[in-house]
Every structure is written in structure tokens, then in C-alpha cells.
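Colleague: curious how this folds, go ahead:
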Amino acid sequence: MKSNSFWKLSAWKLKDVILASLIAVLFAFICFAVVHFVAFTLTPLLAPVGFGDLAMEFVFGIFFMSAVFAPYIIRKPGVATIVGTMTGVVQILMGSAFAATLLISAFVQGLGSEAAFAVFRYKKFNILTVILASLGATITSFILAWYRGSWSEVIPTIVILRFVIRALSACLFSGIISKLLADRLAKAGVLKSYPIGQIRSGNEPISD
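Modeller: Down below sits the predicted model:
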């Protein structure tokens, strides 16, 4: 039976804080680049065929990656929410075009991802968990976008299309790619001091 401290942020070690910070900064740079590429390049290209407004949805899953990638590696409560929010903060400091709304968005996305790991009490880490975490971030981010954008006044077909594209993007980038990347790093021995590294080295049963 695990100690109750597992459920507290006090259980975080210095190495967890450092890794969480590095992941937040790394994905902040990735998100920053993606946002500006889509906003200033992809959107104008797709606008003539009527998909300009949906361009961001195709890559939206990238914005959830840190909130899935980090907890899949560190495996402690609060990681998804904290790292997801930190990723947004770093983007704000970088001068993101969406700085005015980014902090709340990042927090909400992280919270959505956190819910999936919490459902399994932070004991199950496999493809199902990361997919659910990705969909959790999709749902919470979509609810926030619905409120901000007054999507109740938008044609239902467009709203549904937005959700489907965002969900698929999340499953691909935040779910599948995040897991594959973390697993590769663990297999290479880079994450030996973290739970995922110990599991891959055979010290604990693999939950895949």
C-alpha cells in the first residue's frame, strides 16, 4: 500500500520540478511556433476553400501534449494541471498572440487531462489513459471555447466538425505521439530516475 504522501504535492522531488519545468518550456516553444505558423501561414492558405476557420483545430492536439506527456513520465497528482498551466505561462512571456486568454486556456486544458489520470488514481498508465487524458483536455478546452466564442449561435454541423477534428488531433498528438516519445526516451535510458524509466527497466510491472 502506497503512502498517503503520494497524493500530495509535497511528494514532488527536486528532479520532478526540474523535469516538469523543462517539459513546459520545451512544449511552450513548440506551441508558440505552431500557433504562429497556423495563424499566419496555414489559415490564409485554407481560407479560399472554406477551411481557414478550422485550420487551428487540425493541430490543436499539440497544445495538450505537455499536459499528457509530463504526467505519463512523472506519474504524480497535479503534474498535468501544473505543467499544462506552466506551458501557457511561458508562451505568454514569449509574447504569444493569444496571451490575453492563454493562462485560463492552459489551466483548463491541464485540468481536463488531469481528470483522466485521477480516474485511475494515478496507477494506470497505458494507451487508454493517455487517450482519455487527451480527450479530457479536448472536452474542457471545447467547453471554454464554446463559452468564449458564443458557439451556440454557430451552425451545429460546424461545431460538431470542430470537435471531431480537435478530438482526433488530440488523440494523435497528445495521446499516441506523446506516449511513443516518452516510451522511446525511457527505452533509451534517459528517464531511469523516473517511474516510467523504472518500469521499462523491469523494476515494476508494465501497465501497457
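Colleague: let me know the pLDDT of residue 186.
Modeller: For residue 186, the pLDDT comes out at 93.
Colleague: just residue 52 next, same as before
Modeller: pLDDT, residue 52: 70.
Colleague: just the CA atoms of the host helix or strand of residue 118, as PDB, please.
Modeller: Secondary structure assignment for residue 118, by DSSP states H and E: helix 99-119. Only the C-alpha atoms of helix 99-119 are listed here, as PDB (Å, rounded to 0.1, in the frame of the first residue of the first chain):
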ATOM      1  CA  ALA A  99      -1.500  36.000 -24.400                       C
ATOM      2  CA  ALA A 100      -4.800  37.600 -23.100                       C
ATOM      3  CA  THR A 101      -6.600  34.300 -22.900                       C
ATOM      4  CA  LEU A 102      -3.800  31.800 -22.800                       C
ATOM      5  CA  LEU A 103      -3.500  31.400 -19.000                       C
ATOM      6  CA  ILE A 104      -7.000  30.200 -18.400                       C
ATOM      7  CA  SER A 105      -6.900  28.000 -21.500                       C
ATOM      8  CA  ALA A 106      -3.800  26.300 -20.400                       C
ATOM      9  CA  PHE A 107      -5.100  25.700 -16.900                       C
ATOM     10  CA  VAL A 108      -8.400  24.300 -18.200                       C
ATOM     11  CA  GLN A 109      -6.700  22.000 -20.700                       C
ATOM     12  CA  GLY A 110      -4.400  20.700 -18.000                       C
ATOM     13  CA  LEU A 111      -7.300  20.100 -15.700                       C
ATOM     14  CA  GLY A 112      -9.100  18.100 -18.400                       C
ATOM     15  CA  SER A 113      -6.000  15.900 -18.800                       C
ATOM     16  CA  GLU A 114      -5.600  15.600 -15.100                       C
ATOM     17  CA  ALA A 115      -9.100  14.200 -14.700                       C
ATOM     18  CA  ALA A 116      -8.200  11.100 -16.700                       C
ATOM     19  CA  PHE A 117      -5.200  10.200 -14.600                       C
ATOM     20  CA  ALA A 118      -7.200  10.900 -11.500                       C
ATOM     21  CA  VAL A 119      -9.900   8.400 -12.500                       C
END
